[in-house]
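[1] Pasting the sequence and the predicted model now:
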Amino acid sequence: MAHARSVWDQQPEWILLPLTMLGQQRRRSRPPTSARNGKPVLPLAAGARIYLRNLDSAVAAEYGTVVATPNEADVAILNLDPPFDPEWSGMLRQGRLHYTADELEPMLAIMRQTPTVVTLYLERPAVIPEIAESAAAVLANFGATDRAILDVLFGRFGPEGRLPFEMPSSWEAVLNQMEDVPFDSRDPLFPFGHGLRYEPSSGGGVT
């Protein structure tokens with residue numbers, strides 16, 4: 001249970017920060033829904049057919065049926081590394097906070113084929129408007145194990161975290177921020193402190 005609720009990575013200020021459900025779009029007033037049947041995507045049903053990217057298929061097989069292509073899946077789960085500039089980075093990722101068009105296209109192609117849940121490792125804020133617009137749901141993690149991520153996606157534990165920073169809506173908004181003023185990006189995609197919860201009374205969905 002500790003792994004499902006907590007973060008075990010190198011960032012000391014994030015230790016014990018639970019997984020954070022962001023949702024699909026900014027200021028979303030309803031839970032993420034499947035384009036196929038209009039029902040909430042999360043939590044996922046046990047035994048669902050799942051297509052994976054960057055998650056351990058052996059672990060995922062304990063939760064659902066792992067399939068080879070997005071078209072075979074009830075839902076795709078993409079576990080993303082954060083964007084960065086390799087030429088500027090060493091031990092720490094640095095540079096851009098957004099994905100390039102070439103990086104985005106394979107992700108968006110999957111989202112066009114099947115409802116897709118994105119889990120994103122946030123070692124720093126990321127600029128993800130295209131992903132937030134196209135994904136069925138977005139889960140922020142801060143260094144969680146594959147099992148902890150799947151525990152939350154399949155409803156064994158609920159997302160309890162809140163964002164420790166803003167998620168900017170564009171790279172331009174990042175460039176226009178003041179260096180010494182917190183939470184000052186224009187029209188953030190997700191504001192500081194944002195986070196959704198599962199609805200215990202309904203047995204599913206988020207609030």
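    Perfect, I can see it now. Just so you know, these numbers come straight off a predicted model, no measurement behind them. Numbering: from 1, shown residues only.
[2] going forward, measure contacts between C-alpha atoms and count neighbours the same way
    Fine.
[3] which secondary structure elements does the helix ranked longest in the chain contact?
    For the chain, the helix that runs over the most residues, judged by DSSP state H, is helix 101-113. For helix 101-113, the packing partners by 3 or more CA pairs under 8 Å, 6 or more residues apart in numbering; DSSP states H and E come out as strand 75-80, helix 129-134.
[4] mind listing what's buried in it?
    Neighbour counts over helix 101-113 (16 or more other CA atoms under 10 Å) mark 107, 108, 110, 111 as buried.
[5] same question, stretch 111-131
    111, 114-123, 125-131.
[6] follow-up on the earlier one: identify, out of the helices and strands packed on helix 101-113, the most deeply packed stretch.
    Greatest average neighbour count among those goes to strand 75-80 (a mean of 22), per mean count of other CA atoms under 10 Å.
[7] Return the distance of it from the chain's centre.
    How far strand 75-80 lies from its chain's middle: 9 Å, per CA atoms, centre = their mean, to the nearest Å.
[8] quick revisit: any chance of the helices and strands packed on helix 101-113 in JSON lines, with distance to residue 63 and mean pLDDT too?
    Output for the helices and strands packed on helix 101-113, formatted as JSON lines (distance: least, CA to CA, whole Å; pLDDT from 0 to 100):
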{"stretch": "strand 75-80", "distance to residue 63": "12", "mean pLDDT": "96"}
{"stretch": "helix 129-134", "distance to residue 63": "24", "mean pLDDT": "93"}
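[9] Make JSON lines from the ones you listed and add distance to residue 44 to it.
    Converted to JSON lines, these look like this (distance: least, CA to CA, whole Å):
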{"stretch": "strand 75-80", "distance to residue 44": "8"}
{"stretch": "helix 129-134", "distance to residue 44": "18"}
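[10] And the buried residues of helix 101-113, which is closest to residue 85?
    residue 107 (18.6 Å; CA to CA).
[11] Now do the same contact list for that closest one.
    By CA atoms under 8 Å, 6 or more residues apart in numbering, the residues touching residue 107 are residue 78.
[12] pLDDT score for it?
    For residue 107, the pLDDT comes out at 97.
[13] Quick one: low-confidence residue ranges for this protein.
    Scanning the chain for pLDDT under 70 picks out 1-20, 22-39, 88-91, 174-176, 180, 200-207.
[14] Any figure for the gap between the nearest residue to residue 134 once chain neighbours are set aside and residue 188?
    Distance criterion CA to CA, 6 or more residues apart in numbering; nearest residue to residue 134, sequence neighbours excluded, is residue 111 at 6.3 Å. Using CA to CA, to the nearest Å, one gets 23 Å for the distance from residue 111 to residue 188.
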